[in-house]
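Q: Let me see the structure of the following:
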Amino acid sequence: MKNHRLIINFLIPVVFLVACSSSSPFRQKEESDPDSVLAMNIRAKLIENKNLNAAAIQVKATDGLIVLSGFVDNEQQRKLASTITQQNPDVKKVDNKIVVK
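A: Numbering: from 1, shown residues only. Purely as a prediction, here's the structure:
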């Protein structure tokens, strides 16, 4: 019984320290990844546009390079997705891999 109590008394502070440490997976990431933020901003702009069905469009960002992929109904929507993406000042280049279905 003493061994169990000793183990528990040891584990509680260890678990607490791990949960509170800055590298803990339980801790919220304080700084957002700039690429993720850029991709989310572009995705939001695509969704806002009423002339574009953005549900099937994926956006990936890497150091200002944006890759658009997925499907749209026509070539006009494919071009519109590129145009909207290029309007963001943080975008350096757009690789439009969207397929017209």
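
Q: what bits of the chain have low per-residue confidence?
A: 1-31 (pLDDT under 70).

Q: That one: strands as residue ranges?
A: Assigned by DSSP state E, the chain shows strands spanning 57-62, 65-72, 93-100.

Q: what ranges do the helices span in this structure?
A: Under the criterion DSSP state H, the chain carries helices at the ranges 2-20, 34-48, 75-86.

Q: re earlier: just put the strands of the chain in a markdown table and tack on distance to Ile47 and mean neighbour count.
A: Heads up, the C-betas are built off the backbone N, CA and C, glycines and all. Converted to a markdown table, the strands of the chain look like this (distance: least, Cβ to Cβ, whole Å; neighbours: other Cβ atoms under 10 Å):
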| stretch | distance to Ile47 | mean neighbour count |
| --- | --- | --- |
| strand 57-62 | 9 | 18 |
| strand 65-72 | 13 | 18 |
| strand 93-100 | 15 | 14 |
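
Q: could I get the ones you listed as TSV with distance to Met40?
A: Shown next, in TSV, are these (distance: least, Cβ to Cβ, whole Å):
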stretch	distance to Met40
strand 57-62	8
strand 65-72	12
strand 93-100	16
